[in-house]
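Engineer: Structure of the sequence below:
(2 chains)
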Amino acid sequence: MTSITMDQPQQSRLFAAIHQGKIAVLRCWAYLGFIGGASALAMFGSNYSESGYIFQLLSMSGVVWGGAGMLVGIGVGAVLTRSDDTDSPNWQSKLVPWLDGVVVLLLLMGLWTLFEPAASQISYTDQSNLVSVRTIMAMKVLFLFSAACYIAQLFAPESFIGKVASWCAWGGVYAGGSSLLLRWYESYQFLGGEIGHAPVSNLYEVFILLCCVISIIYLSFERRYRTTGLGAFVMFLVAAAVLFIIWLGSYGEADIKPLVPALQSYWMKIHVPMNFVGYGSFAVACAAGMAWLVRARLERSGKNAKLLAIFPSLDQLDQLSYRAVSIGFPAFTLATILGAVWASQAWGGYWSWDPKETWALIVLLVYGAWLHVRVSHGWSGRVLAWWSVTAFVVTLFCFVGVNMYLSGLHSYGHLG
Amino acid sequence: MTQKNLPSLIKILLARLGTMPLAILLLIVLALASSIGTVLLQNQGQTDYLQQFGPLWYWVLRALGMFDMYHSWWFIALLGFLMASVGACLWRNVPRMLGEMRARKITLPDRIWKRMENQQQWEVKGTSVDQVVAQVRTLLPGWDWLQDERDGATWLRGDRGRYHKWGYILVHSAILVILIGGWLSVHYGFRGNMSVPEKGQEKEISFVQGSGVGHLTMPFSVRCNKFHIEFFPNGMPKEFRSNLTIIDHGKEVMTKDIIVNGPLYYKGVRIFQASFGDGGSDINLKLYHLDGSGTTSMAHTAVYDTWKDPTTGVSLEITDFKPYNVENMGDPGKAKKFQDLGPAVEFVLRGKGLKSVKIKSFMNPFVLGDDDRGSFMMVSLTGDAKDYQAVPLGLDFSNPKEWKLFNAFVGRLAQRTSKKSGESGREANINAFKQAVVDVFGDKRPANLPQMGTRVVQSVKTLMQMPWPFLPVLENYDQVYYTGLQLTQDPGINVVWVGSGLLVFGLCIMFYMSHRKIWLRVIKTGETGVNLHLAGRSNRNPLAFTEEFHQLFNKLQQGCGIDTKSTKESL
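Structural biologist: The predicted structure follows:
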């Protein structure tokens, strides 16, 4: 199959070879089978406990259940897949890169644990020995450097610096993602393992997650739509988030701390990451809006044609903004609903008009209005671009501002 | 406005209801209105509001229902308006959309052919029309096909994602369903709090209702057998656990532990762990009289009681007791160092000629490392917990000998200065202290005498300046907690979940599914040849569809015979 349309990315042969073909399809089925087996272990296996599950998965019973699931998955895949289908793009070839990425993250995390200092050198009061401190530092450096490269690329469109920028961003994603997994593991290393919890419990941790999510969404756009110019704006936002992480760290917020009772629920692991898919895509939509405004201004002034060479067109930017919202809006809606389910099980009501809940609703209303404006066609791209920038400011307030300035049930994010 | 204009206004409103501009306006107004309640704290005490805003603004805001704005008439009206708008929008669009989904034109007129962006035309030799049609149907099995013969041509129309418009319908109806569920919850459910002291039982819940408090009696009583807090090794709370017994018609029907995130369910009512506090602990305060007599007395009282001294008229209103007081002992701006300062009781001290103050009195002295810095209390002159200031008392009151030594020292010092023995102040101090040590300890001096001496000498100044006739220090306690429970009944909750499910499902259809249509015209050419003309369009995401169209074309071109020759290539 040789038809490559204008908009299809010219992926490198290596990636095409890894993500397509029979092996990729069967690998995808194997992953899905493993997930199925691991879930079955949680539901039907003996001795399931929430905090011990990950260790159970790494033990013999995990190998048995997960391995069996994997074999079943491969079997199902082999039966369902006809050989002539494996070469053309299919859902497996879209899904398998993500699952591969997760495996790489897990392997990296396993690798980092080998460098963990001896138990006697780790203490709750001084956490500076932990390896995650170093890997998080690597993530910060990579993201900042990537942002600098993307911005430099605007002025040197043909230079290899754009490649460097993408690779640094990918590096940052893997460093950040594996750091979070490592932090999860490390949280079990203190105080007799009592305080272990998923690394989505305070602003420091979720900002690392946010940086990674924004970058992943952008990079997948870049791969699919070849939108390198947008990277300068997206990574500018990520760089700002990295500076915020550094500032939080200087306030002693970087430490792993126990979970307050209100957060001790499996819902935290579902609700919080889902929210960040929303926040991350709204950030990308905002960056596309910013790029639209900058491009419109440059076009009007008639100068700097060289700068424009790498910018996506106004129409494309508008499309990208919509694409980002079309990921973010359903994800954020689902996250808010999951939050309501959690609230109904922990606080006694699915909706309490708590400031965080109310602001989540406001965010949905603002993007809902944006979508309606977009469909009604009456308004120009400029209004939409400004709207996506403003809406992101509202989102930011929902995300950080509410925790910092307003009190309520979500006030565990307070800065001290 | 005259009477004549009114009906036309309603007409206009009805006509505008459910239109796009109104929807956008409504969403923005709702967003702005919702934000008010997050800035203005809701459901606080009325006196707090009065203090904060002054009488005029208080009454204005109160009249607008701003203190409980999410239940005020105008906010409910706004939500009602949203429902009306969504309803009108559905009313207007659903029939048209259903019609569009049903009507599928099999043939395409020429003028539309020309406008189609995605089209391909090619010829196949050595086959027949019927054979090609059959091949197309097997090559593209996922498509929903219609077939027709017209003007000597065979037409095939395929659809994918035909039900895309259901996304719109589902999302908008889901909003109605969720709002109806919320209305059911508010009108037929309840949500209130009760505080049950350990060993006590309670039947009534209370909740905020407008600017007052409403009460509701449950069909059963709840007894709290025990409330327990578990801590992490670093002193942060790990778990709040209440052991509850439900008593229905005098019978104990259920005994269960609840924790935060782990409620109890009985007869349609959920019982949640919401808060905790002191349930009226017994408190014994030791009063150290500062009149120079060196005497002490005990005050036996309990939290929420007021104890009054008959001789001086000073009263102590006990407001709270906490067995643990974990405070940050690190320097500001540095890493936090938490330390448990031990049990403390809070009370308000009032008396004739005395400024009433709020005091938090600790049972244990303040020990930093190995250094005993003596007992201390926190005093707030304003009565607000924010204004607490630490007041070191000098003496370690947990050691009775130290109080004795202090009094002996003060007595001896007074003797020496009244005799005018000609000693310097420093000598008098030293000699008085030596005498006092002999008075209290005889020959057996304790090992920590030097530190004790420093504390005694230091405390002379602080204790003598105290304005109160006695110093109340927490001596011992018998703690009783109350557990704060939230009881809820919510008949609308399942409706809300159904609505939420529809909403997410509908959004997924709306955002990720597109209605793609393809047309194929097959015309017989010559003896054994056919001419195929393929066109397609999608209602959204044109870039992705162009790609998909190319793949379809390639598949058909390769699958419908070998003798192919492309005659027109778009893009």
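Engineer: Any stretches of the stretch 251-400 of chain A with poor pLDDT?
Structural biologist: Low-confidence segments of the stretch 251-400 of chain A, defined by pLDDT under 70, are located at A:303-304, A:377-378.
Engineer: ok, now which ones touch the residue nearest to residue A:42 when sequence neighbours are not counted?
Structural biologist: Leaving out its chain neighbours, the residue that sits closest to residue A:42 by C-beta to C-beta, 6 or more residues apart in numbering or on different chains is residue A:48, at 5.5 Å. Glycine gets a C-beta too; all of them are placed from N, C-alpha and C. Applying C-beta atoms under 8 Å, 6 or more residues apart in numbering or on different chains, we find residue A:48 in contact with A:41, A:42, A:56.
Engineer: Now list the buried members of the residues you listed.
Structural biologist: By the neighbour-count criterion of 16 or more other C-beta atoms under 10 Å in any protein chain shown, the contacts of residue A:48 include these buried positions: A:41, A:56.
Engineer: So which of the contacts of residue A:48 belong to strands?
Structural biologist: Under the assignment DSSP state E, these contribute nothing to strands.
Engineer: The host helix or strand of residue A:321: which residues count as buried?
Structural biologist: Element membership for residue A:321, per DSSP states H and E: helix A:314-346. Using 16+ other C-beta under 10 Å as the burial criterion, the residues of helix A:314-346 that qualify are A:314, A:316-346.
Engineer: That one vs chain B: in contact?
Structural biologist: Yes - under the criterion of C-beta under 8 Å from any C-beta of the partner chain, helix A:314-346 makes contact with chain B via A:319, A:326-327, A:329-330, A:333-334, A:337, A:340-341, A:344-346.
Engineer: Residue A:172: which of the residues you listed is nearest?
Structural biologist: residue A:327 (20.0 Å; C-beta to C-beta).
Engineer: quick one: that closest one and residue A:217 touch, right?
Structural biologist: Yes - using C-beta atoms under 8 Å, residue A:327 is in contact with residue A:217, at 6.7 Å.
Engineer: list the residues that contact both of those two?
Structural biologist: residue A:281.
Engineer: Now do the helices in the stretch 251-400 of chain B.
Structural biologist: Along the stretch 251-400 of chain B, the stretches classed as helices by DSSP state H, counting those that start in this stretch are B:400-419.
Engineer: Listing request: residues of it with sub-threshold pLDDT.
Structural biologist: B:328-337.
Engineer: Just list the residues touching residue 186, thanks.
Structural biologist: Defaulting to chain A. By C-beta under 8 Å, 6+ apart, the neighbours of residue A:186 are A:116, A:122, A:130, A:131, A:132, A:256.
Engineer: You answered for a different chain; I wanted chain B.
Structural biologist: B:71, B:492.
Engineer: Can you tell me the SS state at it?
Structural biologist: Using DSSP: H, G, I helix; E, B strand; the rest coil, the structure places residue B:186 in helix.
Engineer: Could you identify the helix or strand that succeeds the strand or helix carrying residue B:85?
Structural biologist: Using DSSP H and E, residue B:85 sits within helix B:73-102. As assigned by DSSP H and E, the chain's next helix or strand after helix B:73-102 is helix B:110-115.
Engineer: For that following helix, what is the distance to the chain centroid?
Structural biologist: 58 Å (C-alpha atoms, centre = their mean, to the nearest Å).
Engineer: Contacts made by that helix with the rest, please.
Structural biologist: Contacts for helix B:110-115 (C-beta under 8 Å, 6+ apart): B:119, B:533, B:535.
Engineer: quick one: low-confidence parts of the stretch 401-550 of chain B?
Structural biologist: Low-confidence segments of the stretch 401-550 of chain B (pLDDT under 70): B:419-424.
Engineer: re the thing from before, out of the contacts of helix B:110-115, the closest to chain A would be?
Structural biologist: Of all the contacts of helix B:110-115, chain A sits closest to residue B:119, with 14.5 Å by C-beta to the nearest C-beta.
Engineer: What does the pLDDT read for the closest one?
Structural biologist: Note on residue B:119: pLDDT of 87.
Engineer: and if you look at residue A:40?
Structural biologist: 90.
Engineer: any idea which helix or strand carries the closest residue to it other than its chain neighbours?
Structural biologist: Once flanking residues are discounted, residue A:40 sits nearest to residue A:65: 6.0 Å by C-beta to C-beta, 6+ apart. Here residue A:65 is covered by helix A:60-80, with elements defined by DSSP H and E.
Engineer: Show me what that helix is packed up against.
Structural biologist: With contacts defined as 3 or more C-beta pairs under 8 Å, 6 or more residues apart in numbering or on different chains; DSSP states H and E, helix A:60-80 has these neighbours: helix A:22-44.
Engineer: So residue B:195 versus residue B:278, what's the distance?
Structural biologist: Distance of residue B:195 to residue B:278, computed by C-beta to C-beta, to the nearest Å: 10 Å.
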